[in-house]
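Colleague: any chance you could fold what I've pasted below:
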Amino acid sequence: MLKVNKLTDYAVVVLCDLLRGDRLRSAADLATSSGVPLPTVSKILKQLARTGILQSARGVNGGYGFARPPAGISMAEVIEALEGPIAVTGCVEESGECCEFVHQCPMSGHWNAVNVAIRKSLDEVRLIDMLPEARFMDPEDLTRVIAERHAAAMQA
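Modeller: Below is the predicted model:
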């Protein structure tokens with residue numbers, strides 16, 4: 001079974017909560033509104049800031065916000081920020097992992113096509129598509145609303 005880890009699942013919950021706002025948000029505020037424990041939220045926010053999905057600002061009006069327009073952030077980026085490269089097995093290009101049978105394995109290199117297909121599919125799902133309200137809004141309207149919120153948060 002392919003599945004993301006709990007930290008990635010929690011990150012999507014936190015990011016969707018952040019998408020709904022129009023200002024920078026503190027870790028404590030996001031923990032309260034999302035229901036994810038504060039230590040977990042803090043870890044997620046730091047990791048997402050380190051990879052360039054989020055940015056942080058210090059001070060009384062500080063907090064976390066998106067480093068770039070959220071409509072351009074894919075689920076592949078979020079998953080890779082928290083889990084590393086997307087791969088179904090360890091013996092694929094760029095994984096750095098190999099088993100002792102790699103030189104005689106008939107499947108060596110063939111899993112790459114599967115990894116590319118999965119990565120491409122995850123690239124096509126945007127973070128804003130994960131919002132529950134995305135099911136009920138026109139995609140262009142949703143993108144505009146999120147862009148306006150992002151701009152407001154960056155001006156604050």
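Colleague: which residues touch residue 29?
Modeller: residue 63 (Cβ atoms under 8 Å, 6 or more residues apart in numbering). Every residue, glycine included, has its C-beta placed from N, CA and C.
Colleague: which of the three states applies to the residue nearest the centre of the chain?
Modeller: Per Cα atoms, centre = their mean, the C-alpha nearest to the average position across the chain is that of residue 78, at 2.0 Å. Following DSSP: H, G, I helix; E, B strand; the rest coil, residue 78 is assigned to helix.
Colleague: and what of the one 4 residues further on?
Modeller: With three-state DSSP as the basis, residue 82 sits in helix.
Colleague: next, the contact list for it, please.
Modeller: 4, 5, 7, 8, 11, 44, 47, 48.
Colleague: did I read that right, the fifth one in a helix?
Modeller: Yes - following the definition three-state DSSP, residue 11 is counted among the residues of a helix.
Colleague: list the contacts for it?
Modeller: 44, 47, 48, 78, 81, 82.
Colleague: closest to residue 122 among those?
Modeller: Using Cβ to Cβ, the shortest approach to residue 122 within the contacts of residue 11 belongs to residue 78, at 8.8 Å.
Colleague: how close does that closest one get to residue 60?
Modeller: 29 Å (Cβ to Cβ, to the nearest Å).
Colleague: the lowest-mean-pLDDT helix or strand in the chain: which residues count as buried?
Modeller: None of the helices or strands of the chain scores lower by mean pLDDT, DSSP states H and E than helix 139-155, at a mean of 75. When burial is assessed from 16 or more other Cβ atoms under 10 Å, helix 139-155 yields the following buried residues: 142, 143, 145, 146, 149, 150, 153, 154.
Colleague: endpoints of stretch 22-37, how far apart?
Modeller: End-to-end distance of stretch 22-37 (Cα to Cα, to the nearest Å): 22 Å.
Colleague: distance from that stretch to the middle of the chain?
Modeller: 16 Å (Cα atoms, centre = their mean, to the nearest Å).
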